[in-house]
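Novice: What follows is a predicted protein model with its sequence.
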Amino acid sequence: MLRTRFAPSPNGPLHLGHAYAAIVAHDLARAGGGEFLLRIEDIDGTRSRPELAEAFRADLTWLGLSWDGEAIQSHNLARYEAAADLLKSRGLLYPCTCTRAEVAAAATEHGPDGPLYPGTCRGRDLPLTDGEPVAWRLDMARAVAQAGPLIWHDEISGEQAARPDLFGDVVLLRKEAPASYHLAATLDDAADGITLVTRGMDLFAATHVHRLLQALLDLPVPRWHHHGLLLDESGRKLAKRRGSPSLADRRASGEDGAALADQLRAAHFPAGISVGEALD
Ligand code: GLU
């Protein structure tokens, strides 16, 4: 059965861009007689505000959306650890103590997520007993060699040859969170039975890594639907920090949420807002 999801992170209120993403995922499920899941991606303890999840539910209801189940990422930590242990046992992960600043200073190339990790800790055989926080990185060259060539299918952009190598040795277990977005989202999409991963174009490249993790961990392979993003006048994606009003504020002001959802469906966006690929 077709199953989609909307997977917001409770580190800030939802805005119009999130509404658009939720509507796309919801409507694709409903049009195909399938199910729509709400997943709260709350494992970043430093940024997560759990109380926002309740506001998210109220926002979706206000937009006239219904969902068929919920998943809470922080309930699944054992799942992430087990997968990481498996990859460790195959020699595909290695510990890394580098700080962000050290990576930025040492990097000579850029990847889709920023400075490309130059492999400083690969093969260093770090002692792990002194309590220093470590991240665990995927040895990308080894992982790609094990998995072989991979493809994935996007409903809008068509068939894609997976290029996880563009990301270099990505972090799968973070120092300050139980798992990286890549690992948690990939494992949860599989566990939640998601058959069509819908999300914004800003996460298109991340799918290369997710496809690799699916191959390494023997997970089912869904299809993807990466949709355009809502952009402001300057062509940048909407963001709370740039003053995009939250859905909660719109709701509190008495605006009709179902009517707003219909306008977004019809691509009638508020003044200055368009849909496309972000410049940043
Ligand atoms: N939690 C992510 C976000 O809020 C979305 C992840 C996804 O849809 O794969 O940007």
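Specialist: That came through fine. This one's a predicted model, so the numbers in the text were calculated from it and none came from an experiment. Numbering: from 1, shown residues only.
Novice: you'd agree Asp165 is in a helix?
Specialist: Yes: the assignment for Asp165 (DSSP: H, G, I helix; E, B strand; the rest coil) places it in a helix.
Novice: Can you report how many residues neighbour it?
Specialist: 14 (other CB atoms under 10 Å). All C-beta atoms are positioned from the backbone trio N, CA, C, and that covers glycine.
Novice: Show me what whichever helix in the chain runs longest packs onto, helices and strands only.
Specialist: In the chain, taking DSSP state H as the definition, the longest helix is helix 16-31. Counting by 3 or more CB pairs under 8 Å, 6 or more residues apart in numbering; DSSP states H and E, the packing neighbours recorded for helix 16-31 are strand 3-6, strand 35-40, helix 52-62, strand 196-200, strand 223-227, strand 229-231, helix 247-252, helix 257-265.
Novice: tally of neighbours for the nearest residue to Glu233 once chain neighbours are set aside?
Specialist: Excluding its sequence neighbours, the residue lying closest to Glu233 (CB to CB, 6 or more residues apart in numbering) is Gly272, at 4.5 Å. Other residues lying near Gly272 total 9 when counted by other CB under 10 Å.
Novice: correct me, but Gly272 touches Leu231?
Specialist: No: the criterion here is CB atoms under 8 Å, and Gly272 misses it with Leu231 at 9.2 Å.
Novice: Please report the distance of the residue nearest to Glu233 from the ligand.
Specialist: Shown here: Gly272 relative to the ligand, a distance of 22 Å by CB to the nearest ligand atom, to the nearest Å.
Novice: Now the phi/psi pair for that residue, please.
Specialist: Main-chain dihedrals, Gly272, degrees, to the nearest 10: phi 90, psi -10.
Novice: and it, what pLDDT?
Specialist: pLDDT, Gly272: 89.
Novice: Could you pull up the residues touching the closest residue to the ligand within the stretch 101-250 of the chain?
Specialist: Residue of the stretch 101-250 of the chain nearest the ligand, by CB to the nearest ligand atom: Arg199 (3.5 Å). Arg199 sits next to Ala7, Ala21, Ala25, Trp224, His225, His226, His227 when contact means CB atoms under 8 Å, 6 or more residues apart in numbering.
Novice: For Tyr94, list each beta-bridge partner.
Specialist: Beta-bridge partners recorded for Tyr94 (DSSP bridges): Arg137.
Novice: Would you confirm that it contacts Ala141?
Specialist: No: if you go by CB under 8 Å, Tyr94 and Ala141 don't touch, sitting 11.8 Å apart.
Novice: higher neighbour count, these two?
Specialist: More neighbours surround Tyr94 than the other of Tyr94 and Ala141, with 21 against 13 (other CB under 10 Å).
Novice: List the residues that contact the more buried one.
Specialist: With contacts defined as CB under 8 Å, 6+ apart, Tyr94 is in contact with Cys121, Arg122, Gly123, Arg124, Trp136, Arg137, Asp139, Asp169.
Novice: and the fourth one, how many neighbours does it have?
Specialist: Applying other CB under 10 Å, we find 12 residues neighbouring Arg124.
Novice: now do the one 10 residues further on
Specialist: For Val134, the number of neighbouring residues by other CB under 10 Å comes to 17.
Novice: ditto for Gly193
Specialist: 14.
Novice: ok, and the closest non-adjacent residue to it?
Specialist: Arg3 (5.2 Å).
Novice: quick one: contacts for the one you found?
Specialist: Ala29, Gly34, Glu35, Phe36, Leu37, Asp192, Gly193, Ile194, Thr195, Leu196.
Novice: Can you tell me who it pairs with across the strands?
Specialist: Glu35.
Novice: ok so, going back, so the residue of the stretch 101-250 of the chain closest to the ligand versus Leu87, what's the distance?
Specialist: Arg199 is 24 Å from Leu87, where distance means CB to CB, to the nearest Å.
Novice: Thanks again, I'm all set now.
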